[in-house]
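> Have a look; sequence and predicted model below, questions after that.
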Amino acid sequence: MTLLASGMTKKKSTKPKKLRPDVNETAYRVMLEATKQKAKTVPPSERTEEQKDQEAVKRGRKGGEKGGPARVESLTERQRRQLAKKAAKKRWEEEEEAG
């Protein structure tokens, strides 16, 4: 817990911090790519199926299959209703923009 100026305490976040690539490693990779000593790294969103690690793809799919139903079970009926309304509203907005 952290003590705030107001005298109240604040719990530390239990979320793990996102790992950033090391600055030196990034600089080294950029230097290799700029001097054409190494092919440019393809961002994950642009990778073809052959470039992806198939084991990682399987693990991700498995987690996604478990995650959705597990989340639905943990939500209350009110929360599910709010999410459904929000999703419907978003779909209608996208439909109006397209049409």
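Structure's in. What do you need? None of these values were measured; they are calculated from a predicted model. Numbering: from 1, shown residues only.
> May I ask which helix or strand of this protein has the lowest mean pLDDT?
strand 2-3 (a mean of 59; mean pLDDT, DSSP states H and E).
> Gln29 is in contact with Lys40, isn't it?
In this structure residue 29 is Arg, not Gln. No - shown here, Arg29 and Lys40 do not form a contact pair, counting by CB atoms under 8 Å, at 9.5 Å. In short, each C-beta sits where N, CA and C put it, glycine included.
> In terms of neighbours, single out the busier of those two.
Remark: of Arg29 and Lys40, Arg29 carries more neighbours, 14 against 11, as counted by other CB atoms under 10 Å.
> For the more buried one, which non-adjacent residue is spatially closest?
Take Arg29 and drop its neighbours on the chain: the residue closest to it by CB to CB, 6 or more residues apart in numbering is Thr41, 6.6 Å away.
> That neighbour belongs to a strand?
No - under the criterion used here (DSSP: H, G, I helix; E, B strand; the rest coil), Thr41 is coil, not part of a strand.
> I'd assumed Tyr28 was in contact with it.
No - if you go by CB under 8 Å, Thr41 and Tyr28 don't touch, sitting 11.9 Å apart.
> all helices of this structure, in order?
Per DSSP state H, the chain carries helices over the ranges 23-34, 54-74, 77-98.
> Mind listing what's buried along the first one?
The reference is to helix 23-34. Within helix 23-34, no residue counts as buried by 16 or more other CB atoms under 10 Å.
> can you list the residues that contact that helix?
Applying CB atoms under 8 Å, 6 or more residues apart in numbering, the contact partners of helix 23-34 are 38-41.
> do the same with the second one
Residues from elsewhere that reach helix 54-74 (CB under 8 Å, 6+ apart): Arg80.
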